[in-house]
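Q: Sequence first, predicted model second:
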Amino acid sequence: MFQRVLVANRGEIALRIMRACRELGIATVVAHSQADSDSLPVQLADDAVCVGPGSAGRSYLNIPSMISAALIKDCEAVHPGYGFLAENRYFAEVCQRYNLTFIGPTPEVIAQMANKVEARGAMAAAGLPVLPGTAEPLGGLDGALEAAKEIGYPVMIKAAGGGGGRGMHLAQDSDDLVQNFVTAQRESRAAFGNDELYLEKYLPQCRHVEVQVIADGGRAIHLGDRDCSIQRRHQKIVEEAPSPLLPEATRRKLGADAVRGAEAVSFNSAGTLEFLVDDDGRHYFLEMNTRIQVEHGISEMITGADIVKSQILIAAGEAGELRQEEIHFSGHALECRVNAESGPDFRPATGRVSDLRLPGGPGIRVDTHLFSGYNLPAHYDSLVAKIMAWGRDRGEAIARMRGALEETVVEGIATTIPYLRKVMGDPAFISGGVHTDYVELLDR
C-alpha cells in the first residue's frame, strides 16, 4: 500500500480523497494554490505544498509544479480527483515517467475515451448501441452539412476533444448548423486546445442515465445507474440513483453494456459510462468519464461501496477480485449540487461565509469544503457543497432532501439552494418522468 499520496485537487473532492486515504492508513499531501492557502483541505491534510498562484492554469493545471510537489514530499502516488488534470493523458504519462502511480486508468485509455469520436467507435465495436453520427471528426462546414443531411435533423454539434457541454450546440436545420459551427469550433479550441467537431443525432425527449463502473484492467463490475437529466446549460444540478421509471429490462441492459464497454478498453479504475435513454427504453452510448464523478456519493449510498477507496486499492494492486454478486442495492438516493451562484442567470458568486449550518438526520450526507469565515475564491468552479439524501424509497429520499435543504443555512455568499428547493417541490420532478429539457420548462 502507498505511504503518501499527493492530492492534486481542491475543495470537497480533495477532502473526500483525504478521508479515504486516512481509512487506508495513507498520509496525504495536498497541492494547493495561493488562493487556497487557508482552505479546509490544507488545514486537514498531513502536509501541504503551494503549487502556484490563484489562477488554475498556473497552479492546479501546472503539471511541472504538481510533479515537483509529489517528488519533494516523497509521495508514491497522485490522485487527481475530478476536473483539472484528472483526464489529462500527458499528466498520467509524466507521473509514470517519474515513478509516481497515477490513481486512475492508463494514459492510453484516457486518450481513447477523451476523443469522443474514437470512444463512440470503440463502444460500437464492443456491441454497445450508439446514436447515428459521424464516424470521423468533421473536416469543415461543407462536410458537416453533408453529414447532417445523411443523419437527419435535428443534430447536435459536439467537440471531439471533450465534454461538459463546451462546444455543444443544437442545430434544428442547416441554417442553425451554419450559424453554430464556427462558434462550436472556437469554444472547443478554447476549452480543449482542439477544434475538431462531430455530429450526433439529437433526441428531443430523453433521459441522461449513467452507470458507475469499477474495473481492474480485466474484470469490471457496475454499481447501478444514476439519472442526471436535470441539467442547466449541460451542467448537472440534481442526480439520483437509481434512475426513476426506468424499465427493468433497460436497467439490466445498461449495467451489462457498461461492464462490456469498460472491459473492452481494459479500463482499470472507477469510471462512468453515460447513455441517453428514450421513452421506449432504448439506450445509446454517449461518452465515458475515466475519473471519479462529482455524484459518486449517491452510488455509494445505495450500495455501501467506497468508490474512492476502490480507486486507490486498484492503483496499489490490492483490490482483490471484483465480484458483481457482492454488490447489493438498497433504497434510493438523491444529490443536490449547491453552487455559489446568484441572479436569474446564475452568475458565479464570491464572498465570505459569515454563517454556516449544515443539515443532518437519518440518510443525510453533506460533502463540502465550506466553513464559517471561509473566503470563497473567484478562480474556480462554483460548486461549494453536495447535499445527499438516502431513503428506503424515492418518496422518502425526496422528503429527506426537502428537509435537508430547509435546514441548510449559508450566509455571506449567494447559493442555488432556493432553486433546488423549488425543484424538490415541483410536481413534474416528483412524478419522476422528467427529461433533459426539464430545467428549461421549469424556468418558463
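A: In hand now; what should we look at?

Q: alpha carbons only for contacts and neighbour counts from here, please
A: Fine.

Q: Am I right that Glu335 is in a helix?
A: No: counting by DSSP: H, G, I helix; E, B strand; the rest coil, Glu335 falls outside a helix, being strand.

Q: Show me the beta-bridge partners of it.
A: Beta-bridge partners of Glu335, counted by DSSP bridges, are Glu239, Met388.

Q: Would you agree Phe371 is in contact with Leu358?
A: No: between Phe371 and Leu358 there is no contact under CA atoms under 8 Å: 9.9 Å.

Q: Would you give the sheet partners of the longest strand seen in the chain, along with the direction of each?
A: Ordering each strand of the chain by length in residues (DSSP state E) puts strand 220-232 first. The strands beside strand 220-232 in its sheet (DSSP bridges) come out as strand 206-215 (antiparallel), strand 235-241 (antiparallel).

Q: Ok, which of those strands comes nearest Asp195?
A: strand 235-241 (20.8 Å; CA to CA).

Q: any idea how far Ala404 lies from Phe267?
A: 37 Å (CA to CA, to the nearest Å).

Q: mind listing what Val294 touches?
A: Val294 sits next to Ile13, Tyr82 when contact means CA atoms under 8 Å, 6 or more residues apart in numbering.

Q: so it is in which element?
A: Using DSSP states H and E, Val294 maps to neither a helix nor a strand.

Q: and Ile417, how many neighbours does it have?
A: 20 (other CA atoms under 10 Å).

Q: SS state for the closest residue to it other than its chain neighbours?
A: Excluding the flanking residues, the one nearest Ile417 by CA to CA, 6 or more residues apart in numbering is Val338, at 6.2 Å. When classified by three-state DSSP, Val338 comes out as strand.

Q: how many other residues sit next to Val338?
A: There are 22 residues near Val338, going by other CA under 10 Å.

Q: Likewise for the one 5 residues further on?
A: Burial of Gly343, expressed as a neighbour count using other CA under 10 Å, amounts to 11.

Q: Also Val213?
A: Val213, neighbours per other CA under 10 Å, totals 25.

Q: Would you mind pulling the contact partners of the strand or helix carrying Gly271?
A: Here Gly271, judged by DSSP H and E, is contained in strand 270-278. For strand 270-278, contacts defined as CA under 8 Å, 6+ apart pick out 104, 203, 205-215, 258, 283-293, 307-308, 310-311.

Q: And the pLDDT at the residue nearest in space to the middle of the chain?
A: What sits nearest the mean C-alpha location of the chain, by CA atoms, centre = their mean, is Gln293, with 3.5 Å. As predicted, Gln293 sits at a pLDDT of 97.

Q: Make 397 the first number, not 1, from now on.
A: With 397 as the first residue, the last one maps to Gln689.

Q: still on that earlier bit, of the strands paired with strand 616-628, flag the one that's most buried.
A: Highest mean neighbour count among the strands paired with strand 616-628 (mean count of other CA atoms under 10 Å): strand 602-611, with a mean of 25.

Q: Now do it: everything it contacts.
A: So strand 602-611 is contacted by 616-625, 639, 650-651, 654-655, 658-659, 663-675, 692, 695, 703, 706-707, 718, 830-832 (CA under 8 Å, 6+ apart).

Q: low-scoring stretches of the protein, by residue?
A: 560, 840 (pLDDT under 70).

Q: and the gap between Gly614 and Ala660?
A: Taking CA to CA, one finds Gly614 at 9 Å from Ala660.
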